[in-house]
Structure formats: C-alpha cells, structure tokens
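what follows is a predicted structure for the sequence shown.
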Number of protein chains: 4
Amino acid sequence: MKPKIGFMGLGIMGAPMAANILKAGYPLTVYNRTAAKAEPLAKLGAQVAASPKALAQDAQIIVAMVTGPEALYELLFGPEGAAEAFGPEQVFINMSSVSPSFTLELGKELAPTAIRFVDAPVSGTKKPAEDGALVILAGGNRQRVQELEPLFLTMGKKVIYCGKTGQGSMMKMFINLLLGLMMEGFAEALNFGRLGGLDLEAMLETVASGAMNAPMFQVKAANFRDQKFQAAFPLKHLAKDAKFVVDTAYELGAPVPAGQMLLHLYRLGVAQGWGDEDISAIAKVMEFLSPPK
Amino acid sequence: MKPKIGFMGLGIMGAPMAANILKAGYPLTVYNRTAAKAEPLAKLGAQVAASPKALAQDAQIIVAMVTGPEALYELLFGPEGAAEAFGPEQVFINMSSVSPSFTLELGKELAPTAIRFVDAPVSGTKKPAEDGALVILAGGNRQRVQELEPLFLTMGKKVIYCGKTGQGSMMKMFINLLLGLMMEGFAEALNFGRLGGLDLEAMLETVASGAMNAPMFQVKAANFRDQKFQAAFPLKHLAKDAKFVVDTAYELGAPVPAGQMLLHLYRLGVAQGWGDEDISAIAKVMEFLSPPK
Amino acid sequence: MKPKIGFMGLGIMGAPMAANILKAGYPLTVYNRTAAKAEPLAKLGAQVAASPKALAQDAQIIVAMVTGPEALYELLFGPEGAAEAFGPEQVFINMSSVSPSFTLELGKELAPTAIRFVDAPVSGTKKPAEDGALVILAGGNRQRVQELEPLFLTMGKKVIYCGKTGQGSMMKMFINLLLGLMMEGFAEALNFGRLGGLDLEAMLETVASGAMNAPMFQVKAANFRDQKFQAAFPLKHLAKDAKFVVDTAYELGAPVPAGQMLLHLYRLGVAQGWGDEDISAIAKVMEFLSPPK
Amino acid sequence: MKPKIGFMGLGIMGAPMAANILKAGYPLTVYNRTAAKAEPLAKLGAQVAASPKALAQDAQIIVAMVTGPEALYELLFGPEGAAEAFGPEQVFINMSSVSPSFTLELGKELAPTAIRFVDAPVSGTKKPAEDGALVILAGGNRQRVQELEPLFLTMGKKVIYCGKTGQGSMMKMFINLLLGLMMEGFAEALNFGRLGGLDLEAMLETVASGAMNAPMFQVKAANFRDQKFQAAFPLKHLAKDAKFVVDTAYELGAPVPAGQMLLHLYRLGVAQGWGDEDISAIAKVMEFLSPPK
C-alpha cells in the first residue's frame, strides 16, 4: 500500500510534481500559502490542508518544494508549522533549492523531532516537472533514499545518490552553477555576435551543428528569437542560487570567478526588474550593458 | 574536372583536412614550414611544394590553416611568400582562426593581387577534422562561397554562410567564445563540486541526465576522469581566441565580462606551462587556484 | 567621574585600544578568551574578569572588539555570556567589524535586555590603534554617540556619526571596500610593472609624486621592498570583510564587480595559507598568478 | 642658448604644456590639426607651423602630445608628416600615452631618419599640466634624458628615469592602471555606501580621515558632490589606457583581473556616451548598474 504524502509548495515546479504523485496513485494532501493554487490539485483528487501542521499530522512522507530557505523555514517553524507535528515514523524530504550549509543546519533543527530527513533537490525546470522527467539529486541515508525511489520516480526519470545529508543541495549548487554559466555564456556570445553583425539564425545554426549543442540551447532559442522570456525558471531564483554558490565557495575556498560574475549579472537583472522573467532574460542584461541602438 | 588545390599548414587541424581533400580526388599540393609534417601526405599522393610561392604558382585554390595571424602573414608575405604568385584567376581561402579586423586588413593587403578572398574558419577540433565533420563558417561573396561548397564538404559536414568577408572570422569568435565559456564553466563547476565532497561520476551523470548535456562534455569527461589532457584543441589557441574576442568586443563596445574572465584564466594556464595541453586543462587552472590538497 | 569600562577582545586592535582607555584614566576591566593576552593590561592596572558575564556585571559601558560575528556571538550569548548581565542602565558598544545586517539582528537579540546599543567599528589598523588615532564610525542614537565621544577619543582622533544602528557597520564596509580595492590595485599594478621590467623604486617614486599618493602606499611600501608582510591588518580579516560587502551588496542590489574580484583574490590568499599575513600580502597572490620565475 | 622647440598637439594637456615651455623662454613653434587651438599660443608669442613637416624642419627638439597611437602616426607619417623632416641632429620626444609595444615599433620606424627618440609620457592631468607640476616618465638613453631635464622641468616638477625606450610608456601604463583602479574603487565604494543609506559627506570625511586619503580623492570629491564631471582627464582616454594595459599584460602573462574589470566598466561608460566626461564619471556607470531610483 502506498504511503500517504503531504506536499507543501505549489509553484511553477511544485504544482506539476504534486500532480504527478497523485496520478501515480499516492494518497495526497497539499498545502500552499496562497490557497487558490491548491484548487487545481483538489480537482484532481488531492486533500487540501489548512496549515502545514495539519498536513504533517496526516502524512507519512512530507515533501517541501518552495523558493528558498525563508519560505521553507516559515512552513516548518512558523505559526502552525509542520515541524510541530513531525515524529520518528515520518520522513521529511526537502526538494527546495537551498545551500548545503542551510541543509545541515536544518538537519540539526529537525533532530529533536526525530523525523528522518532527506535532502532531494531536482535538476530540471517547468517542462521536465510536468513530464515527470526531473532528475532527483538525493542526499541522506542511502537505504532510505532507495526506499523512496518509487515516489521519486513519479516526479523524475532518474535518482542520483549524492552522498550524506547536504550533498543533494551541494549537487544542486553544482548543476545550477553550470546551468547559469551556460545560460550567461549563450547570451553573452549571442549579444557579441549581434553587435558584430551576425545573423541570429546563422549563430543558432552554428551552435546546433557543433559540440556545444546542449538541449537547453534548443529550448531557449525561441526566447531569443521572440525576445520574450516567460519564466520556466525565474531569473531571480538563479540569482539566489548564484548567491548560494558564492557563499558555499567562500566556505570551501573554491575559486568561482565566473560564478561571481554570474551573481553580478543576474543580481543586476533582478535590480532592473526582470526577476520574474526566465533565466534566459539574462539576454536583456547583456543588451542593457551594450551601446544603445 | 576538379580544381588544383594548394594547402598550407599541416598541424593538428590542417593535416587531416588536407588528407580529406586528397581522398575526395582533388589534385593537392601541400606546404608546411616544418617539412617533415608533409611526409604522411606525400605518401597519400600529395605534391610537396618547396615554398608558399611555389605552391601558389601551381594551384587554382589556395587554402591556409595555421595557428594565427603571425604565421599566416609569414606564409603570405614572408620570403618566397604565397602572395607573390597570387592572381585574379585564383581563390584564396583562409581557414585559420584570426580576428575579424585582421581579416578585413588582410583583404586590403591582398587587393592589389586581385585574388578572390574567402574567409572560412571552422568549428570543430581534431576528431571532426579527421572525420570530415567540421562546420565551415564562410564569409565573402555569397556565390563564390556556394561554388566552393563541394570543396568545403570534403572537410566538413556543413557550410554556414556568415556574411561578407570578415564575418566568417566573427562567427568563429562567437562560437569559440561560447566554447571557452562552456569549457571553463564545466571545469569551474566540477572543481567546486569536488571541493564540496561530490563524486566525479555522480556529477558527470547529473550533467548527462539534464538539459546541459552538450556533446563536448561527453567528449571531455574522459580527460577529467584520467586527469590527462592531450590536446584536441590546444589551450594556448583558446587563449589567443579569447584575446581576439576581447579585442573585437572593445571595438564594438560589446560587453564580454565572462569573456574577459576567460582570457584571464586561459592566459594564466599558458603562463603555468599548460599551453600545449587541451583546452580542458583549464581544470588544472581551477585546481591551481584551489586550496592545496 | 569616569564610567567603569568593560573591554572584551585583546587582539592586534583590542589590546592597544584598551590600553589607551586605561591611560586616559577610566576604570577598566578586561576579558579575553586566551587569558594570557590580558596580562600586559593587568600590569598596566586593569582588572581581569573571569568571564564575559562577570565583566558585564561590573561595568557601565561594555566594549567588544573581536574578529567577527561568531566570536562576538560567543562572548555575548555563549556560556557565561555577557548578555546575561546586560541591563537598561548600561551601554554596549560593538567595535568589531560585522555586517550591517548582523548588527541589526544583534540589536533585536539584545532588545530584551534593554541595554543601549551603539555600533562603532573603526577605520585604521595596528599603528593608529596604538597611537589613539583611529577614526570611530558610530551608528546609533545621535545623542548617545555624543555622550560617548570622550571615551571614543581615548582610542581615536575623530568620531564620524554614520546614522542609526547598523550604519556604523555599513560605513566600515564602505571604507574597507575602498581599502581593499586600493591595496589590491597597488599590488596588481606593481606586479604588472615588475613583469614589464620596471624598477620597484621608480614605480614607488612615481606613485609618491602624484595624485594617487595615499598614506597607506607609503606605509605598505616597505613590505613590498622587503617581501615581508607582518600583519598590521591580517589578510584573512579583509577576506571576511569582502564577504560582508558582497553579502550586503546582494541585499542592496549594489553592483560591486571589483569588490567581487577582491573577494576572489583575498579568499585565494587565505586558501594558500597567507591569511595571517598582512593585507599587503595580496602581492603574493599576484605573484602566484604570474608566470613562474 | 635654448634650443628651438616644435610642439605638436594642443589639447587639454598639450596646450598648457606648450605654454609653460614658452614662458620658460624657449623659442617655440606649434602645430595642431584644428588650427584654431593654436591661436592662444600664437598670442603668447609662439610661431604656428602650417604642417607637421614644416614644424619639424624648423626645430631642434620636436615634442608630440596627442591622444593616442592613431593621431601620433598621422602626425609623423601622414601627408606632410613630421618624420619627412627628421634628421640625426634632432630629438623627438613622444609624450603621448601609447603602449610600450607601440613605442618599440615606433622606434624601429623612426630608425631610418636617425633622429634621437625619447619616450616621455606624463603622470598628472589638466591642473598639474597648467601648473608645470607634471611628473615626466622618461624612457630612452639615460644621458639624453638628463640633457633634456631643463626642458622637462618647464612642464613638470620631476623627471623619473624609467629605463630604455618603451619603459616610459610602461611606467605610464603602470600608473594609469593604479589611477583607474583607484577611481573605479572610489566610485564603486561611494555607490555601495549610497545604496546602503550613508551620507556622501560622512563617507568623504571617513576617506579624508584615514590612510586611503589620496590627493585625487580630494580633487574629485567635488564632482561627486555636484554630479558634474567636466573632463580633466576624459573617460574615453582611460578606457584606451585600460585596453593598452590588457594588451600589454597579455603579452607579459601578467594577471590583471581588476584591470580587466576596469576595461569592462570604462568601455561601458564610453558606449553609454560619457567618453568625453571626466574619468570620475565612472560614478555614472556605477549608478547605471544600480537599481533605478
């Protein structure tokens, strides 16, 4: 019999992930701060909890997918917070993107509840979330991660075991650093070519024809063509991830010179008001830094 | 009947490109400063010219594939230089990587010979050169580029028309900027993950499973595993290309903040003595900048 | 009658600052985690407290001068922490370098004790601390800062009122950002000149003769001449300050592109083991990044 | 008897320098591309030459002070260029800011004329030029430099011997790198403080009270107060110098990470149309990169 799942956070990512759990036949209760976002899931058959605590009281496995440490902290330890109902028979899976050090800290704060804690952020954005094709980056007890694999595979196509608690978050930092650098590199190179008189289609064809042809370039090409940047992964979230990378790198002594540049440019995009657009709107930052037309 | 080709420059790239022209049945004369490098081609049936001038006297289409503007200048205008024999019935194709402004300058200097000039650098490194799978980035008269397509397709799988003379070089700058940024990003992210305790294989699997999975990461992964960086594309050549990008960006007013970081890091790799290793040896630069083990 | 002062933290900066308070005739109790460092002050006539709490019980004004937020937190809220003894009749002055956001947080945590809180980091390093020539950057209630001026002027030559609580820390970030950028710029330019064949003395004379001639360049020149970098201000502390700047800039949306480079280079110096040397040992970082001799 | 001087280039710097030579009693002929700029000097008693060649025919010592290599090249080798009249009895002093490699190249091109060549750029901007208080950075034959000292001291307060030909230009690169980094650092820190709520006057007072207090900060403070940036040293010229630094550093293998950032930011200022304002208008670049008010 499938365990009862409680899912908190129904944003761009969380909503389709929760829907996929439900479709796979798990009993599901959901909670979202803005209650309206729970309605589509309720229509699909999910229960809607009145508070994080109520959700936690009724679930064997509690999953959180929110936009960062502050939101997560609020859900767990705020008024009617989920942690009040946590106990040793339950599992808490944080799938939100946070820093490794935050994850370790969180593990300590959850220790008194004796809940089993798994750190499982994801690689992939809106489309893979809808298709159940995310990659799950799991950190924590290896056996526990294996036991959770059927649940993870309702949301993702693969589970990668990353090491002990905190290493899921570390892997997420790693992959989002690469994602950010590639996105920025793509935008910087296309803008450079544009100013040098190259045709956008010829540039895209050159990329598509060679060894740099990553799927993300194919996916994002349309945004560059149309100069429309509807968020699959909001720019402000990548700015936040870049900050986590710089923080983590500082602790480790890891050189991240391009990562720091990334932080500068994405933070600038947020300051200019483009935080809710897609990460590919870094193209607007590059144009902003260019000679006016 | 196929035109007679003269090919100058038989390095990592030039040697297999010339071999592919020969295999396609074109009459071929070759020249290389270090004569020994011409022997394998002679065995395949190529003529070997005693000087660039001698080569040019005997060819309808002259191709150059050398490591930069200095080497190219020497071949064309040095003692017994090819340009002395250039005339209006011939075509000169520069496939070497140079800056757009150098290409324009070169066009002016060749004008008195009345030779028809095509600017056609390539995207791709050693393996695609051997397989005849390069992407040819051609700038110049559009009709002339079309006429040359059969010749180009002996060396490459595709010809992308980039615009007037100089725009082939501009496209090459564009694609190598992206290449460099992706290579550096890959190395920086892997080094960051390593210092954070992640397993190399788990990181590579995460990259391979998601939207960032470019063919180049698959190709270069072995170098990271073995910590061996035999040159498919020497690091010093990418340092040179990064300098061309920064020079060109300065003229255009194009912002290349990550491109400048690239120049800094690749030039540092050359200074440390890793210029003849592969561009993926930027991994050694990242480790050099990290806490000693 | 002069108020009783409790001074916590007797490092490079704290020891001479406390000594100057004592010399000015204030009754003084001191505390340092490593008790031996309190002995020279005991000889000068200071009382030595057994714990931060004991110190706070016996003082009207409590001053802290330690190396960062962790050390400060420990003194205040650790076992036998000073905050246990804080009350509404007392003033607590934090002169340690911390971020503005930490200062605001600290203000909130101290609120229940009702102690009056002043935020007063300093500009100046070892020598000005010894000479009582620091510049005091004070944030908090304006009248309270004025009342404390006689005490501040035992340690410093000037008090600059920076605004409400937290703004002293902000001013400290500002001035240390400038300090760091100038120190790095001096080292980068001297290293560039050295590699270009210029004589160190000729370069120093050129600096000394023009509008860039800041006193700090005169003070640090000897370190560059002797290649000895005994800490007046340890490199690791500037790395920490650079991190505070980047953190604060992220919150503000302030562009700090050079500040981020500063963080990268100073953190690299710490990773190489030069953290306890002077900030001018950034010269060693520049040489490390240069071609081997 | 004083030698006859020919002075070419009467811009912000050249005009007062030429005036000071004249005031010291040297017979002076001047030339400027825009003839109107020669009028004030004619009123002071200078001869005005019709062409660079005419000027060179009539002078024992020819001085050039123009805005860069292109302008200098034109004066020397353009139509009616000065070099046509150069001979072994004359001295040519280039005081314009150019790269060391350009200076070496120029030396070679002048060799056939047998003129004696001295490389003597200056440190200092408009005000020191007017006051005869520049610092002369001389490269070339040491004895010749000494013989020219009386002439140099009409324009400057000090001559610093920098080494053989080209080393004057190298020293100029060195000092302008430091100048640029300090100017950018000042603007970046003031902008950071502004966004953090600090008062401009309090920040300026903090700088003025400490070891970072360089004369240039005093001089430029007024521009920050008034938000007016009338050029003492145009921003576009510092952008050009930053490019020379990056070019020279690339050849030397010298790490100039902050210098590259400088190039990025100053070039951006030129692209935004602020090239003719003062170097302190980098403040506008920092504001441009900040959240809109």
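Noted; the coordinates are in hand.

so residue A:123 sits right up against residue A:138, yeah?
No. Proximity of residue A:123 to residue A:138 does not meet the contact threshold set by CB atoms under 8 Å, at 11.5 Å. Bear in mind the C-beta positions are built from the backbone N, C-alpha and C, glycine included.

quick check: closest non-adjacent residue to residue A:220.
Among residues not flanking residue A:220 along the chain, residue A:280 sits closest, at 4.5 Å (CB to CB, 6 or more residues apart in numbering or on different chains).

which pLDDT value belongs to that neighbour?
The per-residue pLDDT reported for residue A:280 equals 98.

my guess is it contacts residue A:230. True?
No. With contacts defined as CB under 8 Å, residue A:280 does not count as touching residue A:230, sitting 9.6 Å away.

give me the more crowded residue out of these two.
residue A:280 (25 against 13; other CB atoms under 10 Å in any protein chain shown).

any idea how far the more buried one is from residue A:291?
22 Å (CB to CB, to the nearest Å).

just to revisit the earlier point, mind listing what the residue nearest to residue A:220 touches?
Neighbouring residues of residue A:280 by CB atoms under 8 Å, 6 or more residues apart in numbering or on different chains: A:183, A:187, A:220, A:223-224, A:229.

assumed it was part of a helix.
Yes. Secondary structure of residue A:280, determined by DSSP: H, G, I helix; E, B strand; the rest coil: located in a helix.

quote the end-to-end distance of stretch A:113-128.
33 Å (CA to CA, to the nearest Å).

what does the helix or strand where residue A:103 lies rub up against?
Take DSSP states H and E as the rule and residue A:103 turns out to sit in helix A:100-110. For helix A:100-110, the surrounding residues in contact (CB under 8 Å, 6+ apart) are A:69, A:72, A:76-77, A:83, A:86, A:92, A:94, A:98, A:117, A:119, A:139, A:165-170, A:173, A:247-248, A:251, B:196.

near residue A:61, how many other residues are there?
20.

before we move on, back to that, quick check: neighbours shared by residue A:280 and residue A:230?
Counting by CB under 8 Å, 6+ apart, the shared contacts of residue A:280 and residue A:230 are residue A:223.

residue A:179 against residue A:215, yeah?
No. Using CB under 8 Å, residue A:179 and residue A:215 do not qualify as a contacting pair, with a distance of 11.6 Å.

these two: who's more crowded?
The residue with more neighbours, out of residue A:179 and residue A:215, is residue A:179; 25 against 12, by other CB under 10 Å.

what score does the more buried one have for pLDDT?
Residue A:179 is assigned 98 on the pLDDT scale.

give the buried residues for the helix or strand residue A:250 falls within.
Element membership of residue A:250 [criterion: DSSP H and E] is helix A:235-252. Within helix A:235-252, the residues scored as buried using 16 or more other CB atoms under 10 Å in any protein chain shown are A:235-250, A:252.

now that helix: average pLDDT?
Within the predicted structure, the mean pLDDT of helix A:235-252 is 96.

do the same with stretch A:263-276
98.

buried sites along stretch A:58-66?
Within stretch A:58-66, judged by 16+ other CB under 10 Å, the buried ones are A:59, A:61-66.

more neighbours: which of residue A:123 and residue A:138?
Of the pair residue A:123 and residue A:138, residue A:138 is the one with more neighbours under other CB under 10 Å, namely 29 against 25.

so the more buried one lies in a helix, does it not?
No. With three-state DSSP as the criterion, residue A:138 is located in strand rather than a helix.

contacting residues around the residue most central in space within chain A?
For chain A, the residue sitting closest to the mean C-alpha position, by CA atoms, centre = their mean, is residue A:97 at 5.1 Å. Listed by CB under 8 Å, 6+ apart, the contact partners of residue A:97 are A:67-68, A:121, A:169, A:172, A:176, A:237, A:240-241, A:244.

ok, back up a step: give the residues shared as contacts by residue A:179 and residue A:215.
Contacts common to residue A:179 and residue A:215, judged by CB under 8 Å, 6+ apart, are B:211-212.

show the backbone phi and psi for the residue located most distally from the centre of chain A.
Outermost residue of chain A with respect to the C-alpha centroid, by CA atoms, centre = their mean, is residue A:197; its distance is 36.4 Å. Geometry field for residue A:197 lists phi and psi as phi 90, psi 10, criterion degrees, to the nearest 10.

distance-wise, check it relative to chain D.
Distance, residue A:197 to chain D, using CB to the nearest CB, to the nearest Å: 16 Å.

try residue A:187
Taking CB to the nearest CB as the measure, residue A:187 and chain D are separated by 16 Å.

same check on residue A:67?
Where chain D is concerned, residue A:67 sits at a distance of 20 Å (CB to the nearest CB).

before we move on, what about residue A:259?
When distance is defined by CB to the nearest CB, residue A:259 is 14 Å away from chain D.

quickly find the element holding that residue.
Here residue A:259 is covered by helix A:257-271, with elements defined by DSSP H and E.

and stretch A:256-264, what's buried?
Within stretch A:256-264, the residues that count as buried by 16+ other CB under 10 Å are A:256-264.

can you narrow those residues to ones near chain B?
Under the cut-off given by CB under 8 Å from any CB of the partner chain, chain B has A:256-259, A:261-262, A:264 from these close to it.

list phi and psi for residue A:13.
Backbone dihedrals for residue A:13, given as degrees, to the nearest 10, come out at phi -90, psi -50.

surely it touches residue A:65?
Yes. Between residue A:13 and residue A:65 a contact is recorded at 5.7 Å, counting by CB under 8 Å.

so the lengthiest helix in chain A, near chain C or not?
With residue count as the measure and DSSP state H as the assignment, chain A has helix A:167-195 as its longest helix. No. Residues of helix A:167-195 contacting chain C under CB under 8 Å from any CB: none, with a closest distance of 14.2 Å.

lovely, talk soon.
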